[in-house]
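*Asks:* Need a 3D model of the sequence below.
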Amino acid sequence: MIKAIVFDFDYTLTDRSFAIWRGFSELIEPYLKETDWMEKEAVIQRMITLDEFGTISRDHIIAFLVNELGLDEKRLKNDFNELSMKMAPYTKLDNDAVIVLEYFANNPKYKTAILTNGNIRSQRAKIDTVKIAGYFDEIVVSEESGYAKPDPRAFYYVAEKLGLKCDECLYVGDVFFNDIIGAYRAKMQYVLLNNDRKRSYDSRIPQIEHLIDLIRYVKEIENE
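*Replies:* Here you go, the predicted structure:
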């Protein structure tokens, strides 16, 4: 029986694509003021590709900007430290996020939580921007728990905060190697939000295509 729905944040509850484009645009603008606008956009799009949806270190993006464009490494590192805060005001919810959150938050059968990687300052700022904190019983950011996904201890931590066992929780995330394998190793139930990635996965991995499909999926596995 599922007693809690635990959500990833970026790209699961939100459309991060606009925020990362704005963040990179603002970061790179002072360096490329005299650059043709289309060439500037090419740099930004390369950065977005290298970003890998924010799931890995951005050191290789800095290396690209230093090695191929000759930009100042020390200055870039300082700017990248503030990137997440630059992105926060541009955070946008998935179109169906409020419908889904209201359904589960108002259903007495379920507790709700966020488990997200990142630092407390920026992730909380993003959550404040989209005004969804009130839908959750717990919000856990990796920096405060001391464990980052896919470390199973991150999943143990959020389950403990909810007062539940891991196998009583369903984790909803969009990144296999952070969200799904982490939940799997923690013995937490899971469903992969395969949203516009155009990637293929083993058919035994439960998947939904859109966030709104989560309501139907939970009803099906709970035999409602």
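
*Asks:* all helices in the protein, in order from the N-terminus.
*Replies:* Counting by DSSP state H, the chain has helices at residues 16-28, 37-51, 59-69, 73-81, 83-87, 97-105, 120-130, 142-145, 152-162, 181-185, 213-221.

*Asks:* wait, which of the ones you listed is closest to residue 193?
*Replies:* helix 213-221 (7.8 Å; C-beta to C-beta). C-beta here means a position set from N, CA and C on the backbone, and glycine is covered the same way.

*Asks:* for the closest one, packing partners?
*Replies:* helix 97-105, strand 189-193 (3 or more C-beta pairs under 8 Å, 6 or more residues apart in numbering; DSSP states H and E).

*Asks:* Please identify the most buried of those.
*Replies:* Comparing the helices and strands packed on helix 213-221 by mean neighbour count (mean count of other C-beta atoms under 10 Å), strand 189-193 comes out on top with a mean of 22.

*Asks:* quick check: angle from that strand to helix 213-221?
*Replies:* 140 degrees (axes from the mean of the first three to the mean of the last three C-alpha atoms, to 10 degrees).

*Asks:* Ramachandran coordinates for the residue sitting furthest away from the middle of the chain?
*Replies:* Relative to the centre of the chain, the most outlying C-alpha is that of residue 34, 33.7 Å out, by C-alpha atoms, centre = their mean. Main-chain dihedrals, residue 34, degrees, to the nearest 10: phi -100, psi 10.

*Asks:* That one and residue 40: what is the separation?
*Replies:* 10 Å (C-beta to C-beta, to the nearest Å).

*Asks:* for residue 27, same thing?
*Replies:* For residue 27, the distance to residue 40 equals 12 Å [C-beta to C-beta].

*Asks:* which of those two has more neighbours?
*Replies:* residue 27 (20 against 17; other C-beta atoms under 10 Å).

*Asks:* neighbours around the closest residue in space to the more buried one that isn't next to it in sequence, how many?
*Replies:* The spatial neighbour of residue 27 that comes closest, neighbours along the chain excluded (C-beta to C-beta, 6 or more residues apart in numbering), is residue 79 at 5.2 Å. Neighbour count for residue 79, taken as other C-beta under 10 Å: 19.

*Asks:* Was I right to think residue 79 contacts residue 29?
*Replies:* No: applying C-beta atoms under 8 Å, one finds residue 79 not in contact with residue 29, separated by 10.6 Å.

*Asks:* Point out where this protein drops to low pLDDT.
*Replies:* 196-198, 224 (pLDDT under 70).

*Asks:* Now with 80, please.
*Replies:* 196-199, 224 (pLDDT under 80).
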